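A.B. asks: model the structure of this input:
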Amino acid sequence: MLRIVKTKLLLALGVVSAVSVAGTAAWLVSDSTMPKADCALTGVDASVSGAPASTLTQLGDPADDRPMCVIGTTADGVKVSVLFAAGTDPKYIGRVMWQFSNSLAGNQEPWYNAGTRWSRTAQQTSTGSNGDPVRLTYSYVPDGTNIPNAGFGGGPSNLNAQMNAKFGGSLWKTKLTAAIERWGQVAGLVYTQENNDDGVELNAGGSAGSTGVRGDCRIAGKSLDGQSGVLAYNYYPQSGDMVIDTDENWQSSTNDYRFLRNTLGHEHGHGLGFGHSVPCDGTKLMEPFLNTNFDLVQLDDILAGNWFYGDRFENNDTSGTATDLGSLGVGVHPTNQVSLDKTSDVDFYKFQVPASAKINVTLNPTGATYTIGNQSSGCNGTTASYNTLNRQNLGFEVRDTNGTTVLTTVNTNGAGQGETLTNFQLNGSGPFFIRVFGSGTNDVQMYNLSIEVQSSPVVSGTVTLEDLTGALTDQVLTVQLLNPGTSTVVATYNPVPAANGVYSFTSTLTGTYDITCRGQTWLTSKRTNVNITSGGATGQNFTLKNGDVNGDNSVGIPDFLALRAAFGSSPGSGNWNANADLNKDNTVNANDFLIIRKNFGQSGA
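C.D. replies: Numbers count the residues shown, from 1 in each chain. All right, here's what the predicted structure looks like:
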């Protein structure tokens with residue numbers, strides 16, 4: 001009986017509180033039948049009651065048979081209004097109010113109407129705490145399943161028969177699934193349809209979700225009050241069961257059945273633990289009255305979902321559980337509508353890039369300023385302006401492949417402002433990690449993260465290897481970047497030219513450098529003050545002189561002596577020296593001597 005009493009409590013008036021009593025229900029009404037509060041008021045101050053068993057039970061009976069509203073003050077001085085049906089045991093009221101005072105103390109920053117989250121489900125014996133993800137199952141009760149009296153009379157569910165008749169089939173289940181699972185696209189909720197339901201009475205003892213037996217959230221329906229008026233109602237965790245008024249015109253296909261989808265999405269919001277939020281200005285799915293001017297969850301609803309269950313990537317709080325963004329090619333890679341659900345939350349992202357790429361990283365908080373409060377009755381309630389853009393001051397780290405070594409930290413700007421890292425050089429291809437963190441108000445901060453992988457600059461040109469008779473494609477060049485006017489080498493590359501002499505390589509650097517090029521037996525040539533931009537540098541052409549047998553970057557007597565020692569040899573000969581084969585025809589002969597004579601006394605750059 002208490003369950004039914006508590007059902008009427010939240011059904012009729014949408015009680016304002018930050019905690020909803022487990023097992024209670026909330027309903028959605030059409031705007032043509034907005035109810036008004038009608039109750040006898042009794043006051044109790046939970047924050048000063050040191051002995052709840054004695055103090056909180058000294059409540060007088062209401063003067064008439066109207067419901068009784070208990071208005072209390074929590075340990076933080078926050079007023080809580082709870083509506084109980086006439087005749088409710090005062091001891092029970094005391095226990096509930098005491099529970100509220102303990103539950104609410106120290107946590108009244110979030111303005112969205114978050115009550116009690118799921119603590120266990122069919123797939124989880126414990127769901128952790130606020131911000132941890134939850135796996136929920138849902139099932140359709142068989143027709144004939146008893147629906148208890150929640151103020152509209154009890155009776156058997158006729159959901160399947162009525163909805164199949166309205167839709168001419170099961171399309172309504174597809175739309176209902178989309179409405180429920182939309183919450184999972186914006187919060188840490190994973191849904192699985194439980195194909196079995198044993199038909200035990202809705203929201204009764206022993207009706208909790210059980211794998212292979214019934215879902216955590218069971219969906220039923222019957223005639224409630226005819227068309228309009230009450231559209232549906234839903235129980236709060238740890239139940240989540242939903243009852244749909246099967247008299248409604250659910251088959252209306254306008255805006256992809258938005259009438260159906262927004263109603264069911266709203267009701268399931270109650271099944272996740274969220275109460276009604278005001279004002280009724282058409283900005284929130286969890287407003288008390290149906291609105292079809294938008295599609296399903298809005299910003300405040302998403303914040304509520306993230307506060308209770310984290311974002312869609314939770315738990316990604318460590319490098320070992322990081323969200324894997326995969327191999328990122330050149331371009332911009334956004335990750336949007338994610339959040340830190342509290343200041344102790346951190347988010348890790350893992351990614352790979354082309355070897356030694358540069359990246360730009362942008363982290364922007366997202367949000368808006370709007371008026372919000374918890375419902376007391378109808379569209380009424382105490383509201384305040386709420387800026388969701390600056391709840392936390394965000395920053396991020398780039399971490400090396402081990403997930404622990406911090407390569408750089410970016411945390412320059414204040415709350416509500418973005419952070420940017422530009423032209424950051426990564427060594428290797430990864431995987432690397434980004435760790436997002438925050439500080440400030442212990443509340444949800446939504447954000448967008450963007451990683452841009454820059455196109456690495458390409459240096460290209462043509463090379464001419466004088467006196468070469470062998471294949472150009474068999475030659476490996478040594479190209480080096482030097483600080484201008486010095487001998488300090490900052491990078492070395494080994495491109496292989498094409499048959500037409502064209503070579504290229506991808507640089508890890510931009511800026512102004514001297515570029516040198518040499519071949520196996522060809523003297524070094526240099527181009528000075530070459531500007532390598534993000535687009536690279538073209539036209540870096542070289543003509544190289546031959547004859548350096550001993551590799552000292554000059555042609556002289558030591559080269560002549562080395563060639564003479566190898567004269568007449570070919571690969572496999574005991575005196576073979578590949579460097580003495582200057583023209584690369586696999587024989588050391590007079591042609592190679594002629595090359596030395598031509599370039600004798602020459603030195604490379």
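
A.B. asks: so which residues make contact with stretch 483-502?
C.D. replies: With contact meaning Cβ atoms under 8 Å, 6 or more residues apart in numbering, stretch 483-502 is reached by 459-464, 471-473, 475-482, 503-505, 507-509, 512-514, 528-529. In this view, the C-beta of every residue, glycine as well, is placed from N, C-alpha and C.

A.B. asks: surely residue 137 touches residue 180?
C.D. replies: No: taking contacts as Cβ atoms under 8 Å, residue 137 lies outside contact range of residue 180: 10.9 Å.

A.B. asks: so what sits against both of these two?
C.D. replies: Residues touching both residue 137 and residue 180 (Cβ under 8 Å, 6+ apart): 191, 217.

A.B. asks: and what about residue 256, helix, strand or coil?
C.D. replies: What DSSP: H, G, I helix; E, B strand; the rest coil gives for residue 256 is helix.

A.B. asks: what's near enough to touch it?
C.D. replies: Residue 256 touches residue 175, counting by Cβ under 8 Å, 6+ apart.

A.B. asks: and for residue 410?
C.D. replies: If you count contacts by Cβ under 8 Å, 6+ apart, residue 410 has them with 361, 363, 395-398, 419-421.

A.B. asks: how about 10 Å then?
C.D. replies: For residue 410, the contacting residues are 361-363, 394-398, 418-422, 424, 434, by Cβ atoms under 10 Å, 6 or more residues apart in numbering.

A.B. asks: who wins for neighbours among those residues?
C.D. replies: residue 394 (27 neighbours; other Cβ atoms under 10 Å).

A.B. asks: run a quick neighbour tally on the closest residue in space to that residue that isn't next to it in sequence.
C.D. replies: Spatially, and ignoring its direct neighbours in sequence, residue 394 is nearest to residue 438 (4.9 Å; Cβ to Cβ, 6 or more residues apart in numbering). Number of residues near residue 438 (other Cβ under 10 Å) recorded here: 28.

A.B. asks: so what strands line up beside the helix or strand encompassing residue 438?
C.D. replies: If you go by DSSP states H and E, residue 438 is part of strand 432-440. Paired with strand 432-440 in the same sheet, following DSSP bridges, are strand 347-352 (antiparallel), strand 392-399 (antiparallel).

A.B. asks: got the CA positions of the helix or strand following the first one in PDB?
C.D. replies: Counting by DSSP H and E, the next helix or strand C-terminal to strand 347-352 is strand 358-366. These are the backbone C-alpha positions of strand 358-366, laid out as PDB (Å, rounded to 0.1, in the frame of the first residue of the first chain):
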ATOM      1  CA  LYS A 358      52.600  17.400 -35.700                       C
ATOM      2  CA  ILE A 359      49.200  17.900 -34.100                       C
ATOM      3  CA  ASN A 360      47.000  20.700 -33.000                       C
ATOM      4  CA  VAL A 361      44.700  20.100 -30.100                       C
ATOM      5  CA  THR A 362      41.700  22.200 -29.100                       C
ATOM      6  CA  LEU A 363      39.600  21.700 -26.000                       C
ATOM      7  CA  ASN A 364      36.500  23.900 -25.700                       C
ATOM      8  CA  PRO A 365      33.900  23.800 -22.900                       C
ATOM      9  CA  THR A 366      30.300  23.900 -24.100                       C
END
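
A.B. asks: strand 358-366 vs strand 347-352, what angle?
C.D. replies: Angle, strand 358-366 to strand 347-352, by axes from the mean of the first three to the mean of the last three Cα atoms, to 10 degrees: 150 degrees.

A.B. asks: just give me how far strand 358-366 sits from the chain centre.
C.D. replies: Averaging C-alpha positions (Cα atoms, centre = their mean, to the nearest Å) puts strand 358-366 14 Å from its chain's average.

A.B. asks: the helix or strand following that strand: which residues count as buried?
C.D. replies: Sequence-wise, the next helix or strand downstream of strand 358-366 (DSSP H and E) is strand 369-374. Neighbour counts over strand 369-374 (16 or more other Cβ atoms under 10 Å) mark 370, 372-374 as buried.

A.B. asks: redo these as JSON lines? Include pLDDT and distance to residue 574.
C.D. replies: Converted to JSON lines, these look like this (pLDDT from 0 to 100; distance: Cβ to Cβ, whole Å):
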{"residue": "370", "pLDDT": "93", "distance to residue 574": "88"}
{"residue": "372", "pLDDT": "91", "distance to residue 574": "90"}
{"residue": "373", "pLDDT": "88", "distance to residue 574": "95"}
{"residue": "374", "pLDDT": "86", "distance to residue 574": "95"}
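
A.B. asks: so which of these comes closest to residue 238?
C.D. replies: Within the buried residues of strand 369-374, the smallest distance to residue 238 is 21.1 Å, found for residue 374 (Cβ to Cβ).

A.B. asks: for that closest one, give its distance to residue 235.
C.D. replies: Distance from residue 374 to residue 235, counting by Cβ to Cβ, to the nearest Å: 19 Å.

A.B. asks: list the contacts of the nearest residue to residue 598 once chain neighbours are set aside.
C.D. replies: Nearest residue to residue 598, sequence neighbours excluded (Cβ to Cβ, 6+ apart): residue 547, at 7.5 Å. Applying Cβ under 10 Å, 6+ apart to residue 547 gives the contacts 466-467, 521-523, 554-556, 559-560, 563, 582, 592, 594-602.

A.B. asks: now with 6 Å?
C.D. replies: 555, 595-596, 599 (Cβ atoms under 6 Å, 6 or more residues apart in numbering).

A.B. asks: before we move on, the earlier item: pull the residues that contact the strand holding residue 438.
C.D. replies: Strand 432-440 has contacts (Cβ under 6 Å, 6+ apart) with 319, 322, 340, 343, 346-350, 392-399, 403, 415, 426, 445.

A.B. asks: any of the residues you listed buried? List them.
C.D. replies: For the contacts of strand 432-440, buried by 16+ other Cβ under 10 Å: 319, 322, 340, 343, 347-350, 392-399, 403, 415, 426, 445.

A.B. asks: now do the strand holding residue 438: distance to the chain's middle.
C.D. replies: For strand 432-440, the distance to the chain centre is 13 Å (Cα atoms, centre = their mean).

A.B. asks: quick check: mean pLDDT of it?
C.D. replies: Strand 432-440 carries an average pLDDT of 97.

A.B. asks: likewise stretch 343-357?
C.D. replies: 93.

A.B. asks: gap between the two ends of that stretch?
C.D. replies: 32 Å (Cα to Cα, to the nearest Å).

A.B. asks: how far is that stretch from where the chain is centred?
C.D. replies: Centroid separation for stretch 343-357 versus its chain: 12 Å, with Cα atoms, centre = their mean.

A.B. asks: so where's this structure uncertain?
C.D. replies: Counting by pLDDT under 70, the chain contains low-confidence ranges at 1-112.

A.B. asks: mind redoing it with 80?
C.D. replies: 1-114, 150-152, 356, 377-378, 508, 534 (pLDDT under 80).

A.B. asks: any idea where the helices of it begin and end?
C.D. replies: Along the chain, counting by DSSP state H, helices occupy 2-13, 52-55, 90-104, 159-167, 171-186, 254-271, 299-309, 557-565, 590-599.

A.B. asks: surely residue 454 is in contact with residue 358?
C.D. replies: Yes: with contact defined as Cβ atoms under 6 Å, residue 454 reaches residue 358; the gap is 4.5 Å.

A.B. asks: for residue 433, see how far away the residue lying closest to residue 319 once chain neighbours are set aside is.
C.D. replies: Spatial nearest neighbour of residue 319, chain neighbours left out: residue 403 (2.8 Å); criterion: Cβ to Cβ, 6+ apart. According to Cβ to Cβ, residue 403 and residue 433 sit 5 Å apart.
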